[in-house]
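Visitor: Sharing a model prediction with you, sequence too.
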Amino acid sequence: MSDDFRPGLEGVIAFESEIAEPDKAGGNLRYRGVDINDLVGRVSFGQVWGLLVDNGFDPGLPPAEPFPLPVHTGDIRVDAQSALAQLAPVWGFRPLLDIDEQQVRDDLARASVMALSFVAQSAHGQDSPMVPQSRVDEGRTIVDRFMIRWRGEPDPAHVEAIDAYFISAAEHGMNASTFTSRVIASTGADAAACLSGAIGALSGPLHGGAPSRAQHMIEGVERTGDATRYVKEALDRKERLMGFGHRVYRAYDPRAAVLRDTCERLGAPRYEVALELEKAAIAELAERYPDRTMETNVDYWAAVLLDFAEVPGEMMTPLFACARTAGWSAHVLEQKRTGRLIRPSARYVGPGPRPLSDVAGYR
Ligand code: ACO
C-alpha cells in the first residue's frame with residue numbers, strides 16, 4: 001500500500017459512485033447524469049430524492065408519520081439531529097448489517113420525511129397550534145407540505161424558492177457530511193444513525209453553517225454601502241468570506257449559478273447588493289491569492305434566496321440538512337452495497353517508546 005500522506009484526504013479517491021461527483025472545472029453538476037439546471041423548476045425535490053436514491057422518480061417518499069417531539073433546546077439543527085438519533089428505538093430501525101437493501105431504502109425514506117416534518121414543525125413553533133394535518137395533506141409536493149406545516153399559508157414564490165434550494169443542495173459528491181454518512185453506514189449502524197451523524201458534520205461553519213454567515217456579510221454591506229471596503233477590512237482581520245472558495249471547484253459553483261438565476265427570476269430583494277459584494281469579494285480574493293481561483297460557492301446565493309423566502313439565519317443549516325437527506329440516503333444505500341468498512345490510516349508522528357515515568361502527572 002502507498003504511504004502517500006494527503007492532509008484532509010484532498011484528491012484521495014476512496015469510492016466509486018454512480019450518484020454524482022462535481023468536477024473541478026465546475027461547468028455543471030449532474031445527479032445520476034441529469035444536469036441540475038434541467039431539474040430545478042421542472043420536477044420537485046421529492047422526485048429528486050427518488051432520482052438520487054432509486055435512480056428514478058418513483059416510488060418516491062412515503063407520507064409523514066407522527067413522531068413525538070423530543071426536548072426543545074432552542075436550536076432546530078440540534079433538535080433535528082437528536083430526533084433522528086432517537087428514531088431507531090422508537091420506530092424499530094435495525095442495523096444496516098442485518099437488513100436487506102429494500103429495508104434500508106425504506107428506513108432512509110421514512111427518516112428523511114421525518115427530518116423534514118420535524119424541521120417544519122419546529123420552525124412553526126412548538127407552542128403555536130399545529131397546522132391541521134388535513135391542511136398539510138393538501139400540499140401537492142413534499143416541499144409544499146413542508147412549507148404548509150411551517151407557515152400555514154405559504155407564499156407560492158417562497159415554496160418555489162425552497163424547492164429550487166432543496167434540489168440544488170440535495171447532493172454534492174464526497175463532501176464532509178456525506179463522507180460521514182458513509183463512514184457510519186460502513187460500520188453497519190442503522191439508517192437514522194447515518195443521517196443524524198451527517199447532520200453533526202454539516203453543522204460546522206466551513207460546511208453547512210456558511211449561508212447564515214454569508215447573509216450577515218450581505219447585510220453588513222447593505223448597512224455600510226461600500227462592498228470593497230467591507231471585503232478588505234474582513235480579510236485584513238483574517239476572516240474568511242463566507243460563500244466563497246471551495247475544496248473542489250476552482251470555478252463558479254454551478255449550484256450558485258442556478259440559485260443566482262432563481263434569485264433574479266423571483267426578484268429577491270438583496271439580489272443587487274449581493275451582486276456588488278460578490279464582484280468585490282472575487283476581485284479581492286484574486287488579488288490576495290493569485291495562485292488560487294476562489295469563486296462563489298452554493299452557500300452565497302443560497303443565503304440570498306433563503307432571505308427572499310423569509311428564512312431566518314438560524315433555519316438555514318436545518319434547511320440544508322433537509323435537502324441533503326437525499327444525497328446522504330443515496331450514499332448510505334450505495335455504501336451498504338459495498339459491504340466494506342471504511343477505515344483509513346494515520347502516519348504516527350507522536351513520541352517514541354518511553355517509560356510511564358516520562359508522562360506528565362505520573363506519580
Ligand atoms: N475567504 C478568505 N480566505 C479564504 C477563503 C475565503 N472564503 N477560502 C479560503 N481562503 C484562504 C484560506 O484562509 C487559506 O489562506 P492561507 O493559505 O493564507 O492560510 C487559503 O485560502 C487556503 O484555504 P483552505 O482552507 O486550505 O482551502 P480549502 O480549499 O480547503 O477550503 C473552504 C475550502 C473550507 C470551503 C474555504 O474556501 C472556506 O473556508 N470558505 C468559506 C466557508 C464557506 O463558504 N463554506 C461553504 C463551502 S460549500 C459547502 O459546504 C456547501
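Guide: Structure's in. What do you need?
Visitor: what residues are up against the closest residue to the ligand within the chain?
Guide: Using C-beta to the nearest ligand atom, residue 245 is the residue of the chain that sits closest to the ligand, at 2.3 Å. All C-beta atoms are positioned from the backbone trio N, CA, C, and that covers glycine. Residues near residue 245 by C-beta atoms under 8 Å, 6 or more residues apart in numbering: 285, 294-295, 297.
Visitor: What are the boundaries of the strands in the stretch 1-150 of the chain?
Guide: Assigned by DSSP state E, counting those that start in this stretch, the strands in the stretch 1-150 of the chain fall at 30-31, 34-35.
Visitor: Would you mind finding the most buried of the ones you listed?
Guide: Ranked by mean neighbour count, those are led by strand 30-31 with a mean of 20 (mean count of other C-beta atoms under 10 Å).
Visitor: Mind giving me the packing neighbours of it?
Guide: helix 45-54 (3 or more C-beta pairs under 8 Å, 6 or more residues apart in numbering; DSSP states H and E).
Visitor: So which bits of this structure are right by the ligand?
Guide: Proximity of the chain to the ligand, by C-beta under 6 Å from any ligand atom, involves residues 175, 206-207, 210, 240-247, 289, 294, 297-299.
Visitor: Map the structural domains onto the sequence of this protein.
Guide: Listed domain ranges for the chain are 37-205+313-338, 210-309 (source: the TED database).
Visitor: Looking at those, which is nearest to residue 9?
Guide: domain 37-205+313-338 (8.1 Å; C-beta to C-beta).
Visitor: Work out the gap between that closest one and the centre of the chain.
Guide: In terms of C-alpha atoms, centre = their mean, to the nearest Å, the centre of domain 37-205+313-338 is found 10 Å from the chain centre.
Visitor: list the contacts for residue 146?
Guide: Shown in contact with residue 146 (C-beta under 8 Å, 6+ apart): 116-117, 119-120, 139, 162, 322.
Visitor: Roughly how far does it sit from residue 161?
Guide: 12 Å (C-beta to C-beta, to the nearest Å).
Visitor: I would like a ChimeraX command selecting only the buried ones among the residues of the chain next to the ligand, please.
Guide: Here is the ChimeraX command that picks out the buried ones among those, judged by 16 or more other C-beta atoms under 10 Å:
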select :175,207,210,241,242,243,244,245,246,247,294,297,298,299
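Visitor: List the contacts of residue 108.
Guide: Applying C-beta under 8 Å, 6+ apart to residue 108 gives the contacts 53, 191, 195, 325, 329, 332-333.
Visitor: Now the residue nearest to residue 115 when sequence neighbours are not counted. Its backbone dihedrals?
Guide: Spatially, and ignoring its direct neighbours in sequence, residue 115 is nearest to residue 325 (5.4 Å; C-beta to C-beta, 6 or more residues apart in numbering). When read as degrees, to the nearest 10, the backbone of residue 325 gives phi -50, psi -30.
Visitor: how deep is residue 325 tucked in, by neighbour count?
Guide: Applying other C-beta atoms under 10 Å, we find 29 residues neighbouring residue 325.
Visitor: From residue 359, how far out is it?
Guide: Residue 325 is 45 Å from residue 359, by C-beta to C-beta.
Visitor: if we can go back for a sec, ok, now which ones touch the residue nearest to residue 115?
Guide: Residue 325 touches 49, 108, 111-112, 115-116, 195, counting by C-beta under 8 Å, 6+ apart.
Visitor: Pick the one among the residues you listed closest to residue 258.
Guide: Of these, the one sitting nearest to residue 258 (C-beta to C-beta) turns out to be residue 49, at 17.6 Å.
Visitor: Just list the residues touching the closest one, thanks.
Guide: Counting by C-beta under 8 Å, 6+ apart, residue 49 has contacts 60-61, 109, 112, 142, 170, 325-326, 329.
Visitor: Ok, residue 211 next?
Guide: So residue 211 contacts 242-243, 299-300, 302-303, 306, 313, 316-317, 320 (C-beta under 8 Å, 6+ apart).
Visitor: in which helix or strand would I find it?
Guide: Residue 211 belongs to helix 210-224 when assigned by DSSP states H and E.
Visitor: Quick check: what element follows that helix along the chain?
Guide: Following helix 210-224 toward the C-terminus (DSSP H and E): helix 227-236.
Visitor: Now do the helix or strand just after that next one: distance to the chain's middle.
Guide: Next helix or strand after helix 227-236 toward the C-terminus (DSSP H and E): helix 254-266. On the basis of C-alpha atoms, centre = their mean, helix 254-266 sits 17 Å off its chain's mean C-alpha point.
Visitor: Next secondary structure after helix 254-266?
Guide: helix 271-288.
Visitor: Okay, buried residues for that following helix please.
Guide: Residues of helix 271-288 classed as buried by neighbour count (16+ other C-beta under 10 Å): 271, 273-274, 276-278, 280-282, 284-285.
Visitor: what ranges of the stretch 1-150 of the chain fall below the confidence cut-off?
Guide: Applying pLDDT under 70 to the stretch 1-150 of the chain picks out residues 1-3, 26-27, 68-71.
Visitor: right, so of the strands of the stretch 1-150 of the chain, which gets closest to residue 99?
Guide: Using C-beta to C-beta, the strands of the stretch 1-150 of the chain put strand 30-31 closest to residue 99, at 25.5 Å.
Visitor: Tell me the strands beside the closest one, with direction?
Guide: Strands that pair with strand 30-31, judged by DSSP bridges, come out as strand 34-35 (antiparallel).
Visitor: For the partner strand, which outside residues touch it?
Guide: 28-29, 51.
Visitor: now with 7 Å?
Guide: By C-beta atoms under 7 Å, 6 or more residues apart in numbering, the residues outside strand 34-35 that reach it are 28, 51.
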